[in-house]
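> quick one: sequence plus predicted model below, questions after.
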Amino acid sequence: MSNVRHFLDVDRLDSQTLRRILDRAVAIKAAFKKDRNAHADLLAGQTLALIFEKPSTRTRVSFEVGMRQLGGNVVVLKPDDMQLGRGETIGDTARVLSRFVDAVMVRTTGEERVHELAAHASIPIINGLTDQTHPCQIMADVMTFEEHRGPINGRVVAWTGDCNNVAVSWAHAAVRFDFEFRLACPARYGVPQALLDWAKAEGTGRLVVTDRPEEAVRGAECVITDAWASMHNTDVDERAAILTPYQVNEALMDRAHPDALFMHCLPAHRGEEVTDGVIDGRHSVVWDEAENRLHAQKAILAWCMGAKA
Ligand code: CP
Ligand code: NVA
């Protein structure tokens, strides 16, 4: 078995490893706030390839800037720039990139593409979002929760919307970091039984499923939502019709814990899944959440590339 440190999904890593990565993210952030050059040599001489088969603002900029702040280099690749877009296999792409660079971050469609890349690479592969999961986002999100409210274990976090890639990674985090994650989703876009079975079998954390947002957020210390249509969804109008009652607005936030946080991975569609009043209001920590992508991913890169503190 390969001992390469891939960051493929939250459920594929153990709690201790995830906690170590988060602790390091906190330390990296604190050092960076004091001195922007605090870790300027951590990944000196290393190169990260970034493959984007879908658009990105945060993931692209945070990985590129983060890698440079650690002394490394990046190569950004889009399908049209690559032979991958003209039929070269993922396996061959993995073998070739392994000879040139030290790690690859990939944002793509089906998760099987990331797994195939990892199966054929001799360097770390990082999942920068698939149709199914978004693990780097959730590391930044847990970091943000803890920064504002302390340890997440035993706490209650609520999701309202479809059970999309971000929700699934949050569910993985609930198990690994041991907290209650309540999902309010319409039946049409509900929580897969396999995810519930997995969480139950793991025996830590708790997934609670409902189709009523007001039930999910009752007393919750964090309320989260995401765009009604993810990048790979084509049934945009149908989703809007079904998901409208799942909007996070002031009335819904009033039912949560009085000091509840509001999180959103962004990009937000103001007036759809969240109102201006909430995203710009006192509960919202979305800009800290976005910033923490930078710090959390630096820690992920350092872990993957085996960098010593
Ligand atoms: N949240 C997030 O991953 O944003 P981007 O799509 O802009 O990378
Ligand atoms: N669920 C969204 C997340 C974007 C960062 C999507 O996949 O489009």
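Done, it's in. Ligands and ions are numbered 1, 2, ... in the order given.
> identify the residues contacting Val74.
Shown in contact with Val74 (CB atoms under 8 Å, 6 or more residues apart in numbering): Thr47, Leu48, Ala49, Leu50, Phe63, Glu64, Met67, Arg68. The way it works is simple: take the backbone N, C-alpha and C, and place the C-beta from them, glycine included.
> okay, buried residues for whichever helix or strand it is part of please.
Remark: Val74 resides in strand 73-77, with elements defined by DSSP states H and E. Residues Asn73, Val74, Leu77 are the ones in strand 73-77 that count as buried (16 or more other CB atoms under 10 Å).
> switch those over to a markdown table; also include pLDDT.
Conversion of the buried residues of strand 73-77 to a markdown table gives the following (pLDDT from 0 to 100):
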| residue | pLDDT |
| --- | --- |
| Asn73 | 98 |
| Val74 | 98 |
| Leu77 | 96 |
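> output the residues you listed as a markdown table; include the columns distance to Lys298.
Below are those laid out as a markdown table (distance: CB to CB, whole Å):
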| residue | distance to Lys298 |
| --- | --- |
| Asn73 | 15 |
| Val74 | 13 |
| Leu77 | 21 |
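> can I get those residues in JSON lines with distance to ligand 1?
Shown next, in JSON lines, are the buried residues of strand 73-77 (distance: CB to the nearest ligand atom, whole Å):
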{"residue": "Asn73", "distance to ligand 1": "20"}
{"residue": "Val74", "distance to ligand 1": "15"}
{"residue": "Leu77", "distance to ligand 1": "15"}
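> now, which of the contacts of Val74 sits nearest ligand 1?
Top of the list for closeness to ligand 1, among the contacts of Val74 and by CB to the nearest ligand atom, is Phe63 at 9.0 Å.
> contact partners for that closest one?
Phe63 neighbours (CB under 8 Å, 6+ apart): Leu48, Leu50, Val74, Met105, Gly128, Gln297, Leu301.
> cool, Ala140 as well?
Glu289, Ala290, Asn292, Arg293, His295, Ala296, Gln297.
> please save the CA atoms from whatever helix or strand it lives in in PDB.
In this assignment (DSSP H and E), Ala140 forms part of helix 135-149. Extracted in PDB, the C-alpha atoms of helix 135-149 (Å, rounded to 0.1, in the frame of the first residue of the first chain):
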ATOM      1  CA  PRO A 135     -13.100  18.600   2.200                       C
ATOM      2  CA  CYS A 136     -10.700  21.600   2.100                       C
ATOM      3  CA  GLN A 137     -13.700  23.900   2.600                       C
ATOM      4  CA  ILE A 138     -14.800  22.000   5.700                       C
ATOM      5  CA  MET A 139     -11.400  22.100   7.300                       C
ATOM      6  CA  ALA A 140     -11.600  25.900   7.000                       C
ATOM      7  CA  ASP A 141     -15.200  25.800   8.300                       C
ATOM      8  CA  VAL A 142     -14.400  23.800  11.400                       C
ATOM      9  CA  MET A 143     -11.400  26.000  12.000                       C
ATOM     10  CA  THR A 144     -13.700  29.100  11.700                       C
ATOM     11  CA  PHE A 145     -16.300  27.700  14.100                       C
ATOM     12  CA  GLU A 146     -13.600  26.900  16.700                       C
ATOM     13  CA  GLU A 147     -11.900  30.300  16.300                       C
ATOM     14  CA  HIS A 148     -15.200  32.000  17.300                       C
ATOM     15  CA  ARG A 149     -16.800  29.500  19.600                       C
END
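> how about Ala49, secondary structure?
Three-state assignment for Ala49 (DSSP: H, G, I helix; E, B strand; the rest coil): strand.
> so it touches Leu97, yeah?
Yes. The pair Ala49 and Leu97 passes the contact test of CB atoms under 8 Å, sitting 5.6 Å apart.
> now list whatever residues contact both of these two.
With CB under 8 Å, 6+ apart, Ala49 and Leu97 have common neighbours Val104.
> show me which of the two is the more surrounded one.
Leu97 (26 against 21; other CB atoms under 10 Å).
> so the more buried one is in which element?
helix 90-100.
> run through who's touching that helix.
Residues outside helix 90-100 that contact it (CB under 8 Å, 6+ apart) are 47, 49, 82-84, 104, 113, 116-123, 125.
> contact partners for the most centrally placed residue in the chain?
Against the mean C-alpha coordinate of the chain, by CA atoms, centre = their mean, the closest residue is Gln137 at 2.0 Å. Shown in contact with Gln137 (CB under 8 Å, 6+ apart): Leu129, Val166, Ser169, Cys265, Arg293.
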